[in-house]
Every structure is written in C-alpha cells, then in structure tokens.
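S.K.: pasting the sequence and the predicted coordinates here, then a few questions.
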Amino acid sequence: MKKYFTVFLVSWQNEFVYRVNFILWRIRNLLRFSMIYFLWAGIFISNRNVFGYNQPQMLTYVFMVFLMGTLILSAPSSDNIGGEIGNGDISNYLVKPVGYLKYWFIRDIASKSLNILFAIVELFLVWLVLKPQLIIPSSPQIIFGFVTAVLIATCLYYLLSCLVRFIAFWTPENTWGLSFLLLVFVETLAGGIFPLNILPSWIYTFLQFTPFPYLVYFPIAIFTEKIAGWELIRILLQSTGWLVLIFWMTKYTWKRGLVVYQAYGR
Amino acid sequence: MKELKIWLLYTNNSFQQMLVSRPTVIIFLLGKFLRVALFLVFLGFLFNGTRSIGDYTREQIVFFFLSFNLIDTLAQLFFREVYRFRALIISGGLDFVLVKPLNPLIRVLLGGADVLDLFMLIILSTIITVFSLANLTVTMSGTLLYLLLIANSLLLAAAFHIFVLSLGVLTTSVDHLISIYRDMTSMLRIPVDLYTQPIRFLLTFILPLGIMITFPAKAFLGILNWEAIIYSYGFGLVAFYLSLLFWNFAIKKYSSASS
C-alpha cells in the first residue's frame, strides 16, 4: 500500500509543476460551470417551471454537475493509457512491482481529490456572489445513497475509460477515435448538460440499459431527492451491476491484451 | 504565392496522414456528427417543455446552433495545428521551424489542416442550406451578409489562435488555453442574448465571441443593424492586427527550451 501512497503524493506534486497550466485548468472548469449555470438562469427568466424542475432544483442540479464532473470525469489516465500501450511505454510498468490498473487509479484519485478541494472553494465563492437558492438533503438515507452512487460512478468511469483505451493493444491507431466516441456519449448521455428525466420516458428507460446515466445523472438525482425509497435501491443495484460487468470486461480485455502485446516502439 | 503553395503542401500532407487509418476517420466523423445530433435532440425536447426561449423561435435557435457548429468547424479545419503547438515549444522543436525561409506563423497556425473537419463542413453546410430553405425566410442580402460575417468570424478566430500561440511561447501553456477558447465558444451554441448579465456583456464586448459566433446568424435572420456589422468588422481587423503585434513580441522571447 505504501508504494501507492507514494504514487499519490508524487501525483499531487506533479499537478503543481506547471502552475500557469494549473490556474488555467481551474479557470476552464469555472467557465464550464458558468456556461450551464447562465444557460438555465436565462431559461428561468421566462419560465417558472421547466420539465418539472423549479429554479432552485435546476440550479442545484447545475452546481452538482460541476462537482460530479470534477470528481468523476477528471482522469489523467484517459490521456495516457492508450499512448503508453501504443508506443511501448507500458513495458516500463510491467517490469515493476506495481499493478498498472491500480497505479493509474491512484493517479486519478490524486487528481480528483485535488480537483474537488479547489472546486468546493470555487463553488462556495460563486455561491457567495450569485446567492442562488440551493437544495441540500438532510435525510441520512439520501446522503448514504448519494455517497455510494458517487463512489460507484468514480470507479465505473475509470474502468470504462480503461476498457476503451485497451483497444490500443490490437489497433493503436484507433484508440483516439473510440475515446472521442466515449467522450461524446458521456458528454451528452450522462446528464451533464440537462437532467435525463426531461427526455421521453422510453428514452429515459432505454438509457438505464447503458452505463452513462450512472456517471452523473443518478448521483445528482439522488442528491436532489428526485429518486428515493425503493427506486433508490433499484438504481444503486443497477449501477453496481454495471460496475461488476465493466470491471470483468476490463480485466478480461487487459489479460487478452497482454497476450498480444509486442512492445512496439521499444 | 509561395506561402499559398507551401500551405497547400502542408494541407495535402496533413490530409494524407489523417486518412491512413480509415476506421478512425469513420469513428471520429460519427462522434462529431452524434455530438451535433444529440444537442439538436436536446433542443427539440427543450422546446416541447417551454413556450419560448428569450425572443427566439425553435427554428431560429436551431439556426444559431448550426451556425455555431459551422464557424467552429471552419476554425478547427484551418487552425488545428495550434493544438499540437505545446509539444513543439517544450521540446525546442520550434527551432527547426524558425530556421526555415518561411514565416513561422504560417507553419504553427495553418500547418495541419484537419480533413475530418472538411468532411463535417460539407455535411453542416448541406444541413444549414436545407434547413434554412425549409424553415426560414432566405434573402439574397441576408445570405451575403451571413457569408461575409463568417469570413470576419474566421479572422477573429485566427486572432484568438494567434493570441494562444503567443501566450504559448511565453508560458509554455497551450492546452488549457485552447480548451478555454473552445469552452467559451461552446457557450455560444445558443444566442448570446439568452445569457443573463454579466456573461452577455463579457461575451459580446470584452471577448468578441458573441460577434464571432452570433452576429452572422443574426444578420441572416435580419435582426442585426448596420452599426453592429461595421463594428464587428472593425473589431475583427483590430483584433487580428493586435494578435500579430503580440506574436511578434512573443516570438522574440522564445527561449528554445530543451534544444
């Protein structure tokens, strides 16, 4: 465990090496937040209620999208794994006493923890300026459900991201194409732009058969108490099912990939 | 003329490189197309639940969104090389560009045109033409102004990219800067008027992204006055000139790191 803790610490230090880059990264996140926030604020000027959401509910959703994006979707592993397989750099890890999947997971966690710390401060400052009315859950059941959903979503996104990039074992040149496709699906179908329950019920039901809504929408729906009781348990079970399935697929692909890996570029 | 020939050579090489892997081209195109289509679906649902968005009808909002995509794709088609600039800066590889008998800005700004965006441009132009003819009032003057203002948008986009390159030389940070530009332009997938203050003011007057993305569509729809058209051209020319001055300043500070 100690070696992974060292990886965590080194990753934190790495984030601060290019400070201008770090500041720009924070500005970028705030801009993304502003985009969605002011879009919905504009819509609520001429409408009191949109798709069953009033203004506090929707603005809480927007704040939570920012936090979820920060925590779940921020992943340096996404930018590196495909390239490391393609150019043979992964060989360096294979000869070391570290698990490749664990190594990048720890690096992702380091990035996420740093990101979330800054995001909370930034959101607090934004809240002080804009003073929007937000909904904070008080029931322990909702908080427990939310925390569980967030943990599942974090692991699920990491595994999905690895799974797509492991295609590099077979066709290194196609990795970016598939990663881009995953990005598009996550961007639009995870609930980052709009709450998914505004879609017609058949699309909403269909999306539950994909892993995307479990990444952003359902954790926020639990937080905003749109989902509670037995439905909450059902959603948590479904997301666990997806996690187990993607975990198994990732491990299987990793093992098969290592069999065909020939250390190109080395 | 020499510059044009060299640019064509760069573009030809870049297209050939990208077309080596046909499956990747297809997957990328599919992804780009899906991104546009899914947002259009979202707009469709949004209009089912609301009477109006600001002062705009459903068709006008869709036209704004399609115009955003057209301008964004045009900028990416020409200026894709900017996304690869950081590697050149931190490795000292820019040295090899500087010693060649060609303005280095042409190489780092225009040296890697993206063939995928050329395909998207063709698809988007077709969609916009068909959509406009079917749903909007198309006039000769509106269309001409639309095309002229899109040319101005390209000039503004060039200015933004040159600013990013210049800051890249000074700070070695390009990736997040270009992402900020992309994020800010994507705020204008919907008309700038739909944002509340201070964002609307910021996007129109401080950063001229409103001029770049929203003005051409407004001119097409006949809701842009002549003062705004002249103002946008003035802004485009001044921004482009200032970006060139900034580039000339920045390139003199290049420290040739790692070389």
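M.R.: Sure thing, it's come through. Numbering: from 1, shown residues only, chains lettered A, B, ... in the order given.
S.K.: show the pLDDT at A:T210.
M.R.: Per-residue pLDDT puts A:T210 at 94.
S.K.: meant to ask about B:V97, not that
M.R.: 86.
S.K.: how near is B:K218 to chain A?
M.R.: 17 Å (Cβ to the nearest Cβ, to the nearest Å). Any C-beta I mention is one placed from the backbone N, CA and C, and that applies to glycine too.
S.K.: how about B:L4?
M.R.: 30 Å.
S.K.: who's in contact with that residue?
M.R.: Contact partners of B:L4, counting by Cβ atoms under 8 Å, 6 or more residues apart in numbering or on different chains, are absent.
S.K.: try 10 Å
M.R.: Contacts for B:L4 (Cβ atoms under 10 Å, 6 or more residues apart in numbering or on different chains) come out as B:I106.
S.K.: please, which helix or strand holds it?
M.R.: Assigned by DSSP states H and E, B:L4 belongs to helix B:2-18.
S.K.: run the chain-centre distance for that helix.
M.R.: Its chain's average C-alpha position is 20 Å from that of helix B:2-18, according to Cα atoms, centre = their mean, to the nearest Å.
S.K.: next helix or strand past it?
M.R.: Next along from helix B:2-18, by DSSP H and E: helix B:22-49.
S.K.: quick one, that following helix and helix B:2-18 angle?
M.R.: For helix B:22-49 against helix B:2-18, the angle by axes from the mean of the first three to the mean of the last three Cα atoms, to 10 degrees is 90 degrees.
S.K.: so what does helix B:22-49 touch, helix or strand wise?
M.R.: Applying 3 or more Cβ pairs under 10 Å, 6 or more residues apart in numbering or on different chains; DSSP states H and E, one finds that helix B:22-49 contacts strand A:49-50, helix A:175-189, helix B:2-18, helix B:58-79, helix B:115-135.
S.K.: now do the buried residues in the fourth one.
M.R.: By neighbour count, and taking 16 or more other Cβ atoms under 10 Å in any protein chain shown as the criterion, the buried residues in helix B:58-79 are B:58, B:60-79.
S.K.: equivalent analysis for the third one, please.
M.R.: Using 16+ other Cβ under 10 Å as the test for burial, helix B:2-18 gives B:I6, B:W7, B:Y10, B:T11, B:S14, B:M18.
S.K.: for chain A, what's the nearest residue on the stretch 151-259 of chain B?
M.R.: Residue of the stretch 151-259 of chain B nearest chain A, by Cβ to the nearest Cβ: B:H176 (3.6 Å).
S.K.: ok so, going back, put the alpha carbons of the helix holding B:L4 into PDB.
M.R.: The C-alpha coordinates for helix B:2-18 follow below in PDB (Å, rounded to 0.1, in the frame of the first residue of the first chain):
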ATOM      1  CA  LYS B   2       5.000  30.900 -52.200                       C
ATOM      2  CA  GLU B   3       3.100  30.900 -48.900                       C
ATOM      3  CA  LEU B   4      -0.100  29.600 -50.600                       C
ATOM      4  CA  LYS B   5       1.900  26.800 -52.400                       C
ATOM      5  CA  ILE B   6       3.500  25.800 -49.100                       C
ATOM      6  CA  TRP B   7       0.200  25.900 -47.200                       C
ATOM      7  CA  LEU B   8      -1.300  23.600 -49.900                       C
ATOM      8  CA  LEU B   9       1.600  21.200 -49.500                       C
ATOM      9  CA  TYR B  10       1.200  21.200 -45.700                       C
ATOM     10  CA  THR B  11      -2.500  20.600 -46.100                       C
ATOM     11  CA  ASN B  12      -2.000  17.800 -48.500                       C
ATOM     12  CA  ASN B  13       0.500  16.100 -46.200                       C
ATOM     13  CA  SER B  14      -1.800  16.500 -43.200                       C
ATOM     14  CA  PHE B  15      -4.800  15.100 -45.000                       C
ATOM     15  CA  GLN B  16      -2.800  12.100 -46.200                       C
ATOM     16  CA  GLN B  17      -1.600  11.400 -42.600                       C
ATOM     17  CA  MET B  18      -5.100  11.500 -41.200                       C
END
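S.K.: identify the residue nearest whichever residue of the stretch 1-150 of chain B sits closest to chain A in space, chain neighbours excluded?
M.R.: Proximity of the stretch 1-150 of chain B to chain A (Cβ to the nearest Cβ) peaks at B:I27, 3.4 Å away. With Cβ to Cβ, 6 or more residues apart in numbering or on different chains as the criterion, B:I27 has its nearest non-adjacent residue at 3.4 Å, and that residue is A:G177.
S.K.: where along the stretch 151-259 of chain B do the helices fall?
M.R.: For the stretch 151-259 of chain B, the helices defined by DSSP state H, counting those that start in this stretch cover B:175-186, B:199-201, B:209-220, B:226-251.
S.K.: how about those helices in TSV, adding mean pLDDT?
M.R.: Output for the helices of the stretch 151-259 of chain B, formatted as TSV (pLDDT from 0 to 100):
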stretch	mean pLDDT
helix B:175-186	80
helix B:199-201	77
helix B:209-220	88
helix B:226-251	92
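S.K.: so which of the ones you listed is the most surrounded?
M.R.: Of the helices of the stretch 151-259 of chain B, the one with the most neighbours on average (mean count of other Cβ atoms under 10 Å in any protein chain shown) is helix B:209-220, at a mean of 27.
S.K.: let me know the angle separating it from helix B:175-186.
M.R.: Using the same axes, to 10 degrees: helix B:209-220 against helix B:175-186 is 30 degrees.
S.K.: what is helix B:209-220 packed up against?
M.R.: Using 3+ Cβ pairs under 10 Å, 6+ apart, the elements in contact with helix B:209-220 are helix B:58-79, helix B:115-135, helix B:140-171, helix B:175-186, helix B:199-201, helix B:226-251.
S.K.: do that again at 8 Å, thanks
M.R.: With contacts defined as 3 or more Cβ pairs under 8 Å, 6 or more residues apart in numbering or on different chains; DSSP states H and E, the packing partners of helix B:209-220 are helix B:58-79, helix B:140-171, helix B:175-186, helix B:226-251.
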